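Chemist: curious how this folds, go ahead:
(one chain, ligands or ions: 2)
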Amino acid sequence: MRFDIDLRLYLVTGRELLPPGKSYEESLEEAIKGGVTVVQVREKKCDTGEFLDIAQRSKAICDRHNIPLIINDRVDVALAVGAHGVHLGQTDMPFAVARKLLPPNVIIGISVNTVEEALKACEDGADYLGIGAVYATSTKDLTKPILGPRGAARILTALESKSIKTVVIGGIKRTNVLRTLHGIRSSGPSLRGLDGVAVVSDIVASTTPFDASKQLYNLTSAALTSFSARSAPTPFSTEALLQRAVAAFALIRKHGPLVHQITNTVVQNQSANATLALGASPIMSANPREVEDLSKFPGALLVNIGTLAEEDTAGMIAAGFHANQHGKPVILDPVGVGATAHRRQTCDKLLNVWQATCIKGNPGEIGALYGSDEVLARGVDSVGAGFADPASIVKNLARREKCVVVMTGPTDWISDGFSVLRIDNGHPLLPNITGSGCMVGSAIACGCAAVSASAEQARDKDVEDGQLVRGDILAGIVAGLLAITIASEVAGGRADVKGTGTFLPALIDELANITPEIIAQKAKLNVLS
Ligand SMILES: Nc1ncnc2c1ncn2[C@@H]1O[C@H](COP(=O)(O)OP(=O)(O)OP(=O)(O)O)[C@@H](O)[C@H]1O
Ligand SMILES: Cc1ncsc1CCO
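Modeler: Ligands and ions are numbered 1, 2, ... in the order given. Predicted coordinates for the structure are as follows:
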C-alpha cells in the first residue's frame, strides 16, 4: 500500500507570506508541532538551485517530526530530496510522464477544478486530489471558477464510488473551515469523501503558526470525523452513567464555572438565577465586542434564539466561533425554529459557522431542525403527541450534527449518536412556566461548563480526534437535566406551591438545595442502547 499519508491538515508553503521577523524554518516547525499532518513545498518564483535548497531544508524539518513532504510541480526536485510525493497542476508535467519518472512509492496528487478533471485524474491513477479553489485567494492567480463549498461537494459526489483521497484547497482558514466543511456535507454526499483541508496563508502568514495549525487541526477533525467512520465507544450501563452524572453535578459546585448566555429577553433573569442556584456564574451578554474575551474563561456558552433580536445574531455567531477556538462547550437552544423561516435561516447560519456541543429543543424544534413535519410547532411551543420513534430522531440528528441532542417533554430523550437515553423526571408544572425549556438549556450549560472546566484544570489528555471540547460532556448534560427536573419534582410537591406563580421561586430554591445524593436517589434515568 503506497498511500499512508494523513491529509487532514495539509500545509502548502509560501515564503512570500511569512510575517516580518519569522524565519521559514521557524514557521514550518511551529506549524508541524501545532498539528500539520503533511507539507507541500510550493515555490513558483525561484530557480532550481534555490528550490532544491528550500526543499532540502524542509525535508530535514519534516523528517525530524516524521511528517511527509510533497513537492509542487518539480519531479526532479522531489527525486533529488527523496520526497514522499509530487503535486501536479493541470498545466504541469502530464501525470503519465511523472509516474514513469518517479519510483512507485512516491505518491502523486493532482489539482482539479471540475468533475471531468477529477474523474480523469482517478483514471490516470492519481493518489489524491486537491479540489479547489473553494474561495478566492491572494496566494494564487485564479483563472478557473471559484467552486465554493457546493461546487466542491459536486466533485466529491462524482467521486463517491472511488477510493481516491481528497483535500479541499483555496482560501480556507480558521474563520471559514467549519462553514466550508458543513457546507460541503449539507450539499454533498458526506464528509467521508473528504480527507482533509489544505491551508496556506492562515498558517504561513501567522505570527503564531503553532496556534493557527492547532486550531485548524481541531476544527477540521471535529468536522471531518464522521460518527459512522469512528468506532463506537464502549457501551455503558445506566448505573455507570448515573454515577458519572452525579460526579459531574458535584463539579458545578466545586468549580463555579462561568456560563456565558446569549438568551432571550423573556427568561434572562430566571435563567441567571437558576444558574446561580446550581452553583455556576452567569453572564448574559450578546455584544460581539466582548464575546472573544468571555470565551477565554473556563466554562460554557449557551446560545438561545428565543427573541432573536436582529442585533444579537452577530454576537451569537462570534461567540460560538470563539468558544470553538477555545475548546468550550456550546449549547444551542433553537427556540421556535419551526415557527419562522428567519429562525430556520439563522440556525443554519450558526451551525454553518460553529460546531455545537449540544442541541436542546422541544419536539417541534428538534423536528424542524431534523426536517420532519411529524410534530408541529406553535410559536415557541410544540404541539401534539410527539414522535412515534423519538429515539431514532435524536440519534439521527446527533449523528448528522455531530453533537449530543436533547429532546425535552414529559420524557427527555438524549443521544450522542451512539447511545440513546431517557429521563423520566419532571413535574407537570414545569412546562407550564414560560421558559422552562430555556432554564433546562442553562442547566445543561452549567453541567457542560463544570466538566469542561474540571478537565481543563486537570490538564486532561489532549482533546481526542474529532472532539472540540474536553471532559465528560454527556455526563455534564445529564447532570444538568437531572438537577432541574428533580428540583421541579421537589418544588412541585411542596405544600406552599399553589400554582405556576409560586412554583417558579420554589424551583429556584430547590435548585439551590439539591445535592448529589438527592440526584442519585431520585433519578429516573435509563440507558436504552
Ligand atoms: N408533562 C410533563 N411532566 C413533567 N415534566 C415535563 C412535562 N413536560 C415537560 N417537562 C419537563 O419540562 C422541561 C421543559 O421542557 P419543555 O418541552 O416544556 O420545554 P420548552 O417547550 O422548550 O419550554 P419553553 O419554550 O417554555 O422554554 C423538560 O426538561 C421536561 O423534563
Ligand atoms: C415566550 C417566549 N417568546 C420568545 S422566547 C420565549 C420564552 C420561552 O421559550
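Chemist: per-domain residue ranges of this structure.
Modeler: 9-224, 238-527 (automatic domain parsing).
Chemist: tell me which stretches of the stretch 201-350 of the chain form helices.
Modeler: Assigned by DSSP state H, counting those that start in this stretch, the stretch 201-350 of the chain shows helices spanning 201-204, 209-224, 238-255, 268-278, 291-295, 313-325, 341-353.
Chemist: who touches the shortest one?
Modeler: Read it as helix 201-204. Applying Cβ atoms under 8 Å, 6 or more residues apart in numbering, the contact partners of helix 201-204 are 11, 13-15, 17-18, 27, 31, 36, 137-139, 172-174, 209, 212-213, 216. Where C-beta positions appear, they are placed from N, C-alpha and C, glycine not excepted.
Chemist: repeat that for the fifth one.
Modeler: Helix 291-295 has contacts (Cβ under 8 Å, 6+ apart) with 258, 260, 283, 285, 301, 315, 318-319, 322-323, 325-326, 328.
Chemist: show me how to select, in PyMOL, the buried members of those.
Modeler: The PyMOL selection below is limited to those of those classed as buried (16 or more other Cβ atoms under 10 Å):
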select buried, resi 258+260+301+315+318+319+322+323+325+326+328
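Chemist: quick check: which of the contacts of helix 291-295 has the minimum pLDDT.
Modeler: In terms of pLDDT, Gln325 ranks lowest among the contacts of helix 291-295, with 83.
Chemist: who's in contact with that residue?
Modeler: 174, 215, 295.
Chemist: only whichever of the residues you listed are buried, select them in ChimeraX.
Modeler: Selection of buried members from the contacts of Gln325 for ChimeraX, criterion 16+ other Cβ under 10 Å:
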select :174,215,295
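Chemist: want to throw the contacts of Gln325 into a markdown table with distance to Lys254 and pLDDT?
Modeler: Shown next, in a markdown table, are the contacts of Gln325 (distance: Cβ to Cβ, whole Å; pLDDT from 0 to 100):
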| residue | distance to Lys254 | pLDDT |
| --- | --- | --- |
| Arg174 | 33 | 92 |
| Gln215 | 29 | 91 |
| Ser295 | 22 | 94 |
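Chemist: which of the contacts of Gln325 lies closest to ligand 2?
Modeler: Nearest to ligand 2 among those is Ser295, at 24.3 Å by Cβ to the nearest ligand atom.
Chemist: what sits closest to the closest one if chain neighbours are left out?
Modeler: His322 (3.7 Å; Cβ to Cβ, 6 or more residues apart in numbering).
Chemist: okay, the one you found and Asn425: tell me how far apart.
Modeler: 34 Å (Cβ to Cβ, to the nearest Å).
Chemist: ok, now Ile433?
Modeler: From Ile433 to Asn425 the distance is 16 Å (Cβ to Cβ).
Chemist: show residues contacting stretch 86-103.
Modeler: By Cβ under 8 Å, 6+ apart, stretch 86-103 touches 40, 42, 70-75, 78-79, 106-113, 117, 121, 124-126, 130.
Chemist: one more time with 7 Å
Modeler: Stretch 86-103 has contacts (Cβ atoms under 7 Å, 6 or more residues apart in numbering) with 40, 70-73, 75, 78-79, 106, 108-111, 117, 124-126, 130.
Chemist: where does the chain get nearest to ligand 2, which residue?
Modeler: Gly306 (2.9 Å).
Chemist: phi, psi for the nearest residue to that residue once chain neighbours are set aside please.
Modeler: Leaving aside its sequence neighbours, Gly306 sits nearest to Asn264 (Cβ to Cβ, 6+ apart; 2.7 Å). Main-chain dihedrals, Asn264, degrees, to the nearest 10: phi -80, psi 160.
Chemist: of all residues in the protein, which one is nearest the centre?
Modeler: Gln355 (3.2 Å; Cα atoms, centre = their mean).
Chemist: got the contact list for that one?
Modeler: 178, 222-223, 324, 402, 468 are the contacts of Gln355 under Cβ under 7 Å, 6+ apart.
Chemist: lowest pLDDT pick from the residues you listed?
Modeler: In terms of pLDDT, Leu468 ranks lowest among the contacts of Gln355, with 75.
Chemist: pretty sure that one contacts Tyr217?
Modeler: No: using Cβ atoms under 7 Å, Leu468 makes no contact with Tyr217, being 10.9 Å away.
Chemist: between these two, which one's more packed in?
Modeler: Leu468 (26 against 21; other Cβ atoms under 10 Å).
Chemist: residue contacts, the more buried one?
Modeler: 218, 222, 324, 327, 355.
Chemist: and the two most separated of those residues?
Modeler: Pairwise distances across the contacts of Leu468 (Cβ to Cβ) peak at 10.8 Å, for the pair Gly327 and Gln355.
Chemist: run the angle between the longest helix along the chain and helix 238-255 for me.
Modeler: Scanning the chain for the helix with the most residues, using DSSP state H, yields helix 436-457. With axes from the mean of the first three to the mean of the last three Cα atoms, to 10 degrees applied, the angle from helix 436-457 to helix 238-255 works out at 80 degrees.
Chemist: helices or strands next to helix 436-457 in the packing?
Modeler: helix 238-255, strand 258-262, helix 268-278, strand 299-304, strand 330-333, strand 358-361, helix 473-492 (3 or more Cβ pairs under 7 Å, 6 or more residues apart in numbering; DSSP states H and E).
Chemist: got the angle for the second one vs helix 313-325?
Modeler: For the pair strand 258-262 and helix 313-325, the angle between their directions (the same axes, to 10 degrees) equals 150 degrees.
Chemist: briefly note if strand 258-262 comes near ligand 1.
Modeler: No: using Cβ under 6 Å from any ligand atom, we find that strand 258-262 stays clear of ligand 1, coming within 13.5 Å at best.
Chemist: for the chain, what lies in contact range of ligand 1?
Modeler: So the chain meets ligand 1 at 335, 362, 380-382, 408-410, 412, 426-428, 430-431, 434-438, 440, 485 (Cβ under 6 Å from any ligand atom).
Chemist: please pick the buried ones from those.
Modeler: Applying 16+ other Cβ under 10 Å to the residues of the chain next to ligand 1 flags 335, 362, 380-382, 408-409, 412, 426-427, 430-431, 434-438, 440, 485 as buried.
Chemist: with Lys522 as the reference, measure out to Leu242.
Modeler: Leu242 is 11 Å from Lys522, by Cβ to Cβ.
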